[in-house]
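Visitor: This is a predicted model, with the sequence first.
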Amino acid sequence: MQHPDWTKAIHHDGSTVYVSNALPALGESVEIKLRLPAGNPTQRVYLRTTVDGEQHYIQMSISRRDDLTIWYSGTLHMRNRHVGYRFRLMTPDGALVYNGLGVHRADVTDANDFKLLADFASPTWLRDAVFYQIFPERFANGDSATDPQPGTIFNHPPYEPFTSRSMDWDTDTPLPFKQGGSVDFFGGDLPGIEQNLDYITDLGANAIYLNPIFSSPSNHKYNISDFYTVDAHFGGNDALISLADALRRRNMRYVLDLTPNHTGDTHDWFRDAQADVASPTADYYTFYDHPTAYEAWLGVATLPKLDYTSSDLRDAMYRAPNAVMRHWLNAPYHADGWRLDVWNMTAVQGGDDEQHEVGREMRVAVKQTDPEAYLFGEHFFDATGSLQGDEMDAAMNYQGFSFPVWRWLAGHDLGAWSDEPPGHVDTTLLPAEAAVAQMQRYLSAIPWAIARMQFNQLGSHDTPRILSVVEGDEALAKLAAVLLLTYPGVPCIYYGDEIGMMGWADPDNRHPMRWDENRWNTDLRAHYQRLIELRRTLPALMSGGLQFLYAEGGALAYLRESVEQRVIVVACRDAGKVSIPVAQGNIPDGATFEDALSGQRFSVADGELALGQVEAGSAWVLIH
């Protein structure tokens, strides 16, 4: 059914403009508001929810109206910890259902209902957090005395042994695995990070996400050999204590990276399990033919998979008082959370699927240790099942943000950077309406309290850098940065993106940080600085809701609205004449907006914000 135009102006989201308390207590009553355009044919509006599994309808009443808008209000009682709700609009032409995906003529499943969580506490420091991701081995060398020595031989079956080598920071290129075996070292370490905190704070970031720092034979450290020891090449445990103290003095936060899915084959747990089938750690792993045949991450023998049917493993990883996930959150390290590597695979193996149970237990352990800790998982696919308030605080939001942005800007699909692109890869430009539809699908499937914590990136150590994705087009890279720093969630910048570093697939995306300022794109860095400042100071960007106002072809626009402020973000991939319909966002004619990036001012006329003829890659952050 083609819905009439007036339905485009129906809006509700989880922000405090529409929900009296976004983090209510169990048993609390919450006022829910729905915005409709003036003159609409709706006769009655009902709030549909479930109580103890049974659906209930609550008639809403008009709380106020003006020339542009009619507001309906209703009271929602938080009897359960997870409460979903939608709206039913009775019109002369039949009932319309409105949920997180928009307007429907027939009933819908509960999956995309709006969602409220009772007794849910999110880390308060995330409200203005902007992360900076650091791959420690490639950021800065602060202590050359701890550099790995060349000539050490590492076994990496089924390949021939690799010999470690030292690389020159400024002239050498990271080696592909088949050439270097991930034992080519540039010498980055934790002292190097500490010595360059001024650079990070000058950029404006106030939180750091560190790729793994624990003892491991590789440069990437995802094949961990000891969860309780910081790698000596990075400076050891004392270096982390020193970095943590330096961060606290600056009121900065940091999150560590953990591999709950696997260990390295050099880990004592695994070596003991291989040496003795009766070892206390033998049931941490799945052996098919002891000691040589065992379950491993994607069949990689150096990454034996952990088996969470083992209660003892759960104790060691997170339940015991000094379990791995508790240890580093405590003094003297005071880490502020965990990023969980390959969360999509963790605790899932054959006929055993313990993931949601393990996720719930991990959350309890982490929040008991530090209620303000941030817990998020790597997930390249659909993580929404773990994002309902009882497991992860967030996921790396590839599907809900990164990938639709890539595909809209450059036709860059997941897997397009691999050596042998599979036939399913789509490299055609995605129209804005399709990109926005994908973003809305992933947003509507989770509670708003979780959406505000989603970990958004334009790229990471596992993906191409954004400037490579857009094939060196600086205007498109700047546009992408605007989306990153204005979209709901927690933004994270991959080290070097802000100065124009490029890189395709691993290891090309892991070049050492450029410290020669003559090689910086200073204009791009200034652009990031301004956007970070806006993200950390504008109420609408810190806590405002989201309404997509326009999405067609090469242009999209959305409204971020808080009680204090309205911000309209407009992004244009293509050149052309652009006029954004804003009346559906409850914005009257005569309202003026100033672009925070250029200082230009615009006024609304005839329900639209006319931007005129624009160049490809243009973007605006318009403040009312």
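Guide: In hand now; what should we look at? Numbers count the residues shown, from 1 in each chain.

Visitor: If the most centrally placed residue in the chain is in a bridge, with which residues?
Guide: Relative to the mean C-alpha position of the chain, the nearest C-alpha, by CA atoms, centre = their mean, is the one of residue 455, at 1.7 Å. In this structure, residue 455 has beta-bridge partners residue 396, residue 490, where bridges are defined by DSSP bridges.

Visitor: and residue 390, how many neighbours does it have?
Guide: The burial metric for residue 390, expressed as a neighbour count using other CB atoms under 10 Å, is 15. The C-beta positions use only the backbone N, C-alpha and C, and glycine is treated the same way.

Visitor: for residue 307, same thing?
Guide: Residues lying near residue 307 (other CB under 10 Å) number 18.

Visitor: And it, its phi and psi?
Guide: Here is the backbone geometry of residue 307 (degrees, to the nearest 10): phi -110, psi 110.

Visitor: And residue 87, by the same measure?
Guide: According to degrees, to the nearest 10, residue 87 has phi -120, psi 140.

Visitor: wait, it sits on residue 18?
Guide: No - contact criterion CB atoms under 8 Å: residue 87 and residue 18 do not qualify, at 11.1 Å.

Visitor: what about those two, which has more around it?
Guide: Summary of the neighbour comparison: residue 87 and residue 18, criterion other CB under 10 Å, with residue 87 having more neighbours (24 against 21).

Visitor: Run through the residues that contact that one.
Guide: Contacts for residue 87 (CB atoms under 8 Å, 6 or more residues apart in numbering) come out as 10, 12, 34, 45-48, 60, 97-99.

Visitor: What's the separation between it and residue 16?
Guide: Residue 87 sits 18 Å away from residue 16, taking CB to CB, to the nearest Å as the criterion.

Visitor: got it, and residue 178?
Guide: Going from residue 178 to residue 16 by CB to CB gives 53 Å.

Visitor: May I have the helix or strand containing residue 526 as CSV, with CA atoms only?
Guide: For residue 526, the element it lies in under DSSP states H and E is helix 522-537. The C-alpha atoms that make up helix 522-537 are tabulated as CSV, following Å, rounded to 0.1, in the frame of the first residue of the first chain:
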residue,chain,number,x,y,z
THR,A,522,45.9,19.0,7.9
ASP,A,523,42.6,20.1,6.4
LEU,A,524,41.1,16.7,6.9
ARG,A,525,42.4,16.6,10.5
ALA,A,526,40.9,20.0,11.2
HIS,A,527,37.6,18.7,9.8
TYR,A,528,37.7,15.8,12.3
GLN,A,529,38.6,18.2,15.1
ARG,A,530,35.6,20.4,14.4
LEU,A,531,33.2,17.4,14.1
ILE,A,532,34.5,15.9,17.4
GLU,A,533,34.0,19.2,19.1
LEU,A,534,30.4,19.3,17.8
ARG,A,535,29.7,15.7,18.9
ARG,A,536,31.0,16.4,22.4
THR,A,537,29.2,19.7,23.0
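
Visitor: and it, how far out from the chain's middle?
Guide: 19 Å (CA atoms, centre = their mean, to the nearest Å).

Visitor: Against which helices or strands is that helix packed?
Guide: Using 3 or more CB pairs under 8 Å, 6 or more residues apart in numbering; DSSP states H and E as the contact criterion, the secondary-structure elements in contact with helix 522-537 are helix 197-203, helix 474-486, helix 539-543.

Visitor: ok, residue 284 - contacts?
Guide: With contacts taken as CB under 8 Å, 6+ apart, residue 284 has the following neighbours: 269-270, 273, 306-307, 310, 312-313, 316.

Visitor: circling back to that earlier point, residues making contact with the helix holding residue 526?
Guide: Outside helix 522-537, the residues touching it (CB under 8 Å, 6+ apart) are 128, 130, 202-206, 474, 477-478, 481-482, 484-486, 491, 493, 497-500, 541-542, 596-597, 621.

Visitor: Just the buried ones from those residues?
Guide: Among those, those classed as buried by neighbour count (16 or more other CB atoms under 10 Å) are 128, 130, 203-206, 477-478, 481-482, 484-486, 491, 493, 497-500, 541-542, 596-597, 621.

Visitor: tell me the mean pLDDT over the helix holding residue 526?
Guide: Over the span of helix 522-537, the pLDDT mean works out to 98.

Visitor: Likewise for stretch 598-613?
Guide: Per-residue confidence for stretch 598-613 averages out to 96 on the pLDDT scale.

Visitor: Okay, buried residues for that stretch please.
Guide: Within stretch 598-613, the residues that qualify as buried by neighbour count (16+ other CB under 10 Å) are 602, 604, 607-609, 611.

Visitor: So which of the contacts of residue 284 sit within helices?
Guide: Those of the contacts of residue 284 mapping onto helices are 269-270, 273, 312-313, per DSSP state H.

Visitor: Of the residues you listed, grab the buried ones for PyMOL.
Guide: A single PyMOL command suffices to select whichever of those are buried according to 16+ other CB under 10 Å:
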select buried, resi 269+270+273+313
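
Visitor: Quick check: which ranges of the protein have low pLDDT?
Guide: Across the chain, residues meeting the criterion (pLDDT under 70) sit at 1-4, 417-421.

Visitor: just the helices in the stretch 301-450 of the chain please.
Guide: For the stretch 301-450 of the chain, the helices defined by DSSP state H, counting those that start in this stretch cover 311-314, 324-327, 355-369, 403-410, 432-444, 448-451.

Visitor: Let's have those in a markdown table, adding distance to residue 29.
Guide: Rendered in a markdown table, the data for the helices of the stretch 301-450 of the chain read as follows (distance: least, CB to CB, whole Å):
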| stretch | distance to residue 29 |
| --- | --- |
| helix 311-314 | 38 |
| helix 324-327 | 36 |
| helix 355-369 | 26 |
| helix 403-410 | 37 |
| helix 432-444 | 24 |
| helix 448-451 | 18 |
